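K.L.:
sequence? don't have it. structure:
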Ligand code: PBG
């Protein structure tokens, strides 16, 4: 005789029903629609999070950069236009890097504190056109140094204390031209203190210091050095930039820079160093910046150009991760793109 099956007496069904009844926690409810996801989202990127890095060169030409597709070495007028467009989209700040004629480079990087040099002229042009734009400058010798290092080289050594004097002159030169923030990227010991003292003595106590506090000796800077032709002529940067295996040392650098008078501190690169951002953010009350550097940019650009990754998706995901880790400020070559997507 055929007996019809009764679902209600199936023990598996009973067990499942009980389990189900007890499941008051359903995290998926907070993901059920775009509206709900917007309400519960923890991290929102905003155009105002960004500092937009830009390259500048002499002359009237805006030139493409082979190693950084989509970026240009701008003429001063091109720079002013590009920065103005980003500013109009809500990006509050730019940081500028110079491509310096080989003929102007020497062992002591004298050109870096020339008041009529490319960077002081670029600062003045930017501030004249966009007074509210925050102009950040890079303080380091490498674009001006015939040895291609961030400090003075003698007998193959990078001389720390002699470099501090030059960096201080460079920072004062940028302040004199109207820079809002100077940003030492050289990783010499004691430079924040030296620059702070120099700026204050010269009457520029209102000029801020954004220190590249935790800057690793990284393979990710390759495309940038291509853009500026600023790679070291000999050796590497491992005696001044940090060993990427270390994180306690990042905390040490952060505490020192805070003590020396930095206004903001930076971790660089960003994407492969999210744990470092977390650690440093825990120990400082200063705003923390992170730099999504040229190699990070190029990896996304080239994978997207090959059709292997969705550029916009990866850009937003990578930058959100950097902010989620604790960065208050992000330096990214995608800053203007992101700001335009937010509009
Ligand atoms: C120079 C400087 C570098 C970068 C910023 N400032 C290169 C380096 O230290 O060799 C790298 C930025 C990037 O890769 O996007 N002191």
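P.N.:
Everything's here; your move. Keep in mind that what you see is a predicted model, and the values were worked out from it rather than measured.

K.L.:
any idea which helix or strand comes after the top helix by length along the chain?
P.N.:
What stands out as the longest helix in the chain, according to DSSP state H, is helix 160-177. Counting by DSSP states H and E, the next helix or strand C-terminal to helix 160-177 is strand 181-184.

K.L.:
quick one: is that following strand near the ligand?
P.N.:
No. Contact between strand 181-184 and the ligand is absent, the nearest approach being 8.4 Å (criterion: Cβ under 6 Å from any ligand atom). (Glycine included, C-beta is placed from N, CA and C.)

K.L.:
the ligand contacts on the chain?
P.N.:
138, 140, 142, 150, 185, 186, 221, 224, 225, 293, 294.

K.L.:
would you check which pair of the residues you listed lies furthest apart?
P.N.:
Using Cβ to Cβ, these span at most 17.4 Å, a distance reached by 186 and 294.

K.L.:
now do the strands in the protein.
P.N.:
With strands called from DSSP state E, the chain shows them at 50-56, 63-64, 72-74, 93-98, 134-139, 152-154, 157-159, 181-184, 208-215, 264-268, 288-292, 329-332.

K.L.:
mean pLDDT, distance to residue 35 and mean neighbour count added to the ones you listed, as CSV?
P.N.:
Shown next, in CSV, are the strands of the chain (pLDDT from 0 to 100; distance: least, Cβ to Cβ, whole Å; neighbours: other Cβ atoms under 10 Å):
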stretch, mean pLDDT, distance to residue 35, mean neighbour count
strand 50-56, 98, 27, 25
strand 63-64, 96, 42, 12
strand 72-74, 98, 40, 21
strand 93-98, 98, 33, 24
strand 134-139, 98, 35, 24
strand 152-154, 95, 58, 18
strand 157-159, 95, 55, 16
strand 181-184, 98, 39, 25
strand 208-215, 98, 38, 26
strand 264-268, 98, 35, 26
strand 288-292, 98, 30, 27
strand 329-332, 98, 27, 24
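
K.L.:
so for residue 211, what's the nearest residue that isn't a sequence neighbour?
P.N.:
Distances taken as Cβ to Cβ, 6 or more residues apart in numbering place residue 262 nearest to residue 211, at 4.1 Å, with adjacent residues excluded.

K.L.:
count the neighbours of the one you found for me.
P.N.:
26 (other Cβ atoms under 10 Å).

K.L.:
I figured it hits residue 287, correct?
P.N.:
No. At 9.9 Å, residue 262 does not count as touching residue 287 under the criterion of Cβ atoms under 8 Å.

K.L.:
between these two, what contacts are shared?
P.N.:
Residues touching both residue 262 and residue 287 (Cβ atoms under 8 Å, 6 or more residues apart in numbering): none.

K.L.:
list the buried residues of stretch 190-202.
P.N.:
Neighbour-count burial for stretch 190-202, counted by 16 or more other Cβ atoms under 10 Å, picks out 191, 192, 193, 194, 195, 196, 198, 199, 202.

K.L.:
so which of those residues comes closest to residue 251?
P.N.:
Distances from residue 251 to the buried residues of stretch 190-202, taken by Cβ to Cβ, are shortest for residue 192, at 15.9 Å.

K.L.:
isn't the closest one up against residue 208?
P.N.:
No. Residue 192 lies out of contact with residue 208 (Cβ under 8 Å); the separation is 11.2 Å.

K.L.:
about what we covered before: now do the longest helix of the chain against strand 134-139, angle only.
P.N.:
150 degrees (axes from the mean of the first three to the mean of the last three Cα atoms, to 10 degrees).

K.L.:
can you list contacts of helix 160-177?
P.N.:
So helix 160-177 is in contact with 108-109, 112-115, 117, 119-121, 123-124, 137, 139-141, 150-152, 182, 184, 186, 188-191, 194-195, 197-199, 202, 204, 207, going by Cβ under 8 Å, 6+ apart.

K.L.:
let's see which of these end up in helices.
P.N.:
Reading helices off those with DSSP H, I get 119, 120, 121, 123, 124, 191, 194, 195, 197, 198, 199.

K.L.:
what's the closest of these to the ligand?
P.N.:
Checking those against the ligand with Cβ to the nearest ligand atom, the nearest one is residue 191 at 11.7 Å.

K.L.:
quickly note the distance from that closest one to residue 147.
P.N.:
Going from residue 191 to residue 147 by Cβ to Cβ, to the nearest Å gives 18 Å.

K.L.:
just residue 184 next, same as before
P.N.:
Counting by Cβ to Cβ, the gap from residue 184 to residue 147 is 18 Å.

K.L.:
just residue 42 next, same as before
P.N.:
If you go by Cβ to Cβ, the gap between residue 42 and residue 147 works out to 46 Å.

K.L.:
okay, buried residues for the longest helix of the chain please.
P.N.:
Going by neighbour count (16+ other Cβ under 10 Å), the buried part of helix 160-177 is 160, 163-164, 166-177.

K.L.:
where does pLDDT dip in the stretch 151-300 of the chain?
P.N.:
For the stretch 151-300 of the chain, no stretch is flagged by pLDDT under 70.

K.L.:
off-centre distance for stretch 44-64?
P.N.:
12 Å (Cα atoms, centre = their mean, to the nearest Å).

K.L.:
same check on stretch 293-302?
P.N.:
Offset of stretch 293-302 from its chain centre (Cα atoms, centre = their mean): 13 Å.

K.L.:
now what about that stretch, what contacts it?
P.N.:
67-71, 218-224, 227, 268-272, 309, 311, 314-315, 318, 332-334.
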